[in-house]
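1. No letters, just coordinates:
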């Protein structure tokens, strides 16, 4: 018997892309066999193994092939070539609710999905109460699914998928469903599976969860396996890949800019920091034009240019401003927002009691803000500003709202936006017997 629960061997997946729907028909019935399609290789000779009882994460940018390989492993898709060998019963948390009939009640959909997975009525009966307790949607289980809120829908779908006692669990971005309490329940179940020695294949953009739960991580890039190894090592590689600081041939390039290097307003052949960051295409900018924020960057505690910062570590935000006219005592600022647009935190040089001499036309200032990342794990938007006072009136010279996103990686979660990094201790007598 193999020690591997999942074996992927030289898997390729090729899609044919057509400019127009009619081109598919024309190609199929063409006497001359003229090709009207182009090939897209979603996976390229991909091979890896997952040992029984191992938790393996798969990470990569959008389009790397993560979801495609999961769908092939679970049988939703067939590979163009190559093979996949599975030993054990799979439960897949991919597209939650796929296969639900919107006209059926919650109970009826539980039996429908259980049957599709391969359970008999008696087996579903034995698990029904666990499913209903986990979903915790009350009397709505007897109502048609079409009347459910989106939260109730995913709760029931997750409960069905998680309570069939699989030997192999396949998870694709499915642990963040429902409210914060249901998410806690999902992660508790996930940890329970891990303690039971079940095999888990886990795809997520939440690098904190990848670091916390996975024994090993596989990095995909454009359908190919770029690397695999210890979570921290592979996550560091992924962070560099995201900002084009990783040479795919294997030699890492240190492209970290020093403050005194390059990055003038016209570039002069030098890449700007922001060119290596995921800059918002719908960035909001305005101001009187007295100054221009022409570059910005985010640097982790190792000095690496990146938009992914580990919670609890020191990081630096830098901005470069060129002055188009004379400005006295400029103020430089940054702000973090959540993805809903709520301002979370920020500061400026006036608050920090750092004051600047009057700036002349053509002057360039590089301002650095260094601090500890205390935000919770998640996605945030970073904004920049250059302002000041003219004749006693507050004046905006240039602002960049929602300039780029910052991903915070956290292995430990707390409530709210911030972690207070509490130190917990306890003093007491013997444990109370509650029996």
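-> Received it, and whenever you're ready, just let me know what you need. Model, not experiment: these values are computed from the prediction. Numbering: from 1, shown residues only.
2. how about stretch 181-195: buried residues?
-> When neighbours are counted by 16 or more other Cβ atoms under 10 Å, the buried residues of stretch 181-195 are found to be 182, 185-187, 189-190, 193-194. C-beta here means a position set from N, CA and C on the backbone, and glycine is covered the same way.
3. of those residues, closest to residue 419?
-> residue 187 (16.8 Å; Cβ to Cβ).
4. any idea how far the closest one lies from residue 413?
-> Residue 187 is 9 Å from residue 413, where distance means Cβ to Cβ, to the nearest Å.
5. circling back to that earlier point, could the buried residues of stretch 181-195 go into CSV alongside secondary structure, distance to residue 373 and pLDDT?
-> Below are the buried residues of stretch 181-195 laid out as CSV (DSSP: H, G, I helix; E, B strand; the rest coil; distance: Cβ to Cβ, whole Å; pLDDT from 0 to 100):
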residue, secondary structure, distance to residue 373, pLDDT
182, helix, 27, 75
185, helix, 28, 76
186, helix, 25, 78
187, helix, 22, 78
189, helix, 29, 81
190, helix, 25, 79
193, helix, 30, 86
194, helix, 27, 86
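6. so which pair among these is furthest apart in space?
-> Across those, the longest distance by Cβ to Cβ is 19.0 Å; it joins 182 and 194.
7. Looks like residue 53 contacts residue 199 (just checking).
-> Yes - judged on Cβ atoms under 8 Å, residue 53 makes contact with residue 199 at a distance of 6.0 Å.
8. tell me, what's touching those two both at once?
-> The contact sets of residue 53 and residue 199 overlap at residue 5 (Cβ atoms under 8 Å, 6 or more residues apart in numbering).
9. Looking only at neighbour counts, state which of these two leads.
-> residue 199 (25 against 15; other Cβ atoms under 10 Å).
10. Dump the buried residues of stretch 181-195 into CSV; add distance to residue 116 as well.
-> Converted to CSV, the buried residues of stretch 181-195 look like this (distance: Cβ to Cβ, whole Å):
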residue, distance to residue 116
182, 23
185, 24
186, 22
187, 26
189, 21
190, 23
193, 21
194, 26
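11. Counting neighbours, what do you get for residue 411?
-> Applying other Cβ under 10 Å, we find 16 other residues in the vicinity of residue 411.
12. re earlier: let me know the closest of the buried residues of stretch 181-195 to residue 331.
-> Closest approach to residue 331 among those (Cβ to Cβ): residue 187, at 42.4 Å.
13. Point me to the helix or strand that includes residue 63.
-> Assigned by DSSP states H and E, residue 63 belongs to neither a helix nor a strand.
14. for the closest residue to it other than its chain neighbours, phi and psi?
-> Leaving aside its chain neighbours, residue 63 sits nearest to residue 222 (7.0 Å; criterion: Cβ to Cβ, 6 or more residues apart in numbering). Per-residue torsions, residue 222: phi 50, psi 40 (degrees, to the nearest 10).
15. Test my guess that residue 222 contacts residue 62.
-> No - contact criterion Cβ under 8 Å: residue 222 and residue 62 do not qualify, at 10.8 Å.
16. Which one's more surrounded, the two?
-> Set side by side, residue 222 and residue 62 show more neighbours around residue 222, with 15 against 7, by other Cβ under 10 Å.
17. show me the contacts for the more buried one.
-> Residue 222 touches 44, 63-65, counting by Cβ under 8 Å, 6+ apart.
18. Which one of the residues you listed is nearest to residue 308?
-> Of all those, residue 64 has the smallest distance to residue 308: 15.5 Å, by Cβ to Cβ.
19. List the residues that contact the closest residue in space to residue 232 that isn't next to it in sequence.
-> Spatial nearest neighbour of residue 232, excluding adjacent residues (Cβ to Cβ, 6+ apart): residue 211 at 6.4 Å. Contact analysis of residue 211 by Cβ under 8 Å, 6+ apart lists 231-232, 235, 409, 411.
20. now residue 279
-> Residues in contact with residue 279 (Cβ under 8 Å, 6+ apart) are 403-404.
21. Residue 160: how many residues sit nearby?
-> Other residues near residue 160 number 28, with proximity taken as other Cβ under 10 Å.
22. was I right about it contacting residue 111?
-> No - in terms of Cβ under 8 Å, residue 160 does not count as a neighbour of residue 111; the distance is 9.7 Å.
23. any idea how far residue 33 is from residue 26?
-> Going from residue 33 to residue 26 by Cβ to Cβ gives 11 Å.
24. Looking at these two now, which is surrounded by more residues?
-> For residue 33 versus residue 26, neighbours defined as other Cβ under 10 Å are more numerous around residue 26 (12 against 7).
25. Which element, helix or strand, includes the more buried one?
-> According to DSSP H and E, residue 26 maps onto helix 21-28.
26. Could you list the buried residues of that helix?
-> By 16+ other Cβ under 10 Å, helix 21-28 has no buried positions at all.
27. roughly how far out does it sit from the chain middle?
-> Centroid separation between helix 21-28 and its chain, computed with Cα atoms, centre = their mean, to the nearest Å, is 37 Å.
28. tell me what that helix is packed against?
-> On a contact count with 3 or more Cβ pairs under 8 Å, 6 or more residues apart in numbering; DSSP states H and E, helix 21-28 meets strand 4-18, strand 37-51.
29. Run through who's touching it.
-> 16, 18, 34-37.
30. I figured residue 70 was touching residue 169, is that so?
-> No - contact criterion Cβ under 8 Å: residue 70 and residue 169 do not qualify, at 11.4 Å.
31. Show me the shaky parts of the chain.
-> Along the chain, the model assigns pLDDT under 70 to residues 1, 32, 95-99, 173-180, 243, 245, 247-270, 429-435.
32. all strands of the stretch 301-435 of the chain, in order?
-> If DSSP state E, counting those that start in this stretch is used as the criterion, the strands of the stretch 301-435 of the chain fall at 308-310, 314-323, 331-338, 343-348, 364-372, 378-390, 393-409.
33. Okay, and residue 108 sits in which element?
-> Element membership for residue 108 (DSSP H and E) is helix 106-117.
34. Can you name the next helix or strand after that helix?
-> helix 121-135.
35. Domain-wise, how is this structure divided?
-> What automatic domain parsing lists as the domains of the chain is 4-242, 273-409.
36. Format the ones you listed as a markdown table; extra columns: distance to residue 427.
-> What follows is those, written out as a markdown table (distance: least, Cβ to Cβ, whole Å):
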| stretch | distance to residue 427 |
| --- | --- |
| domain 4-242 | 27 |
| domain 273-409 | 27 |
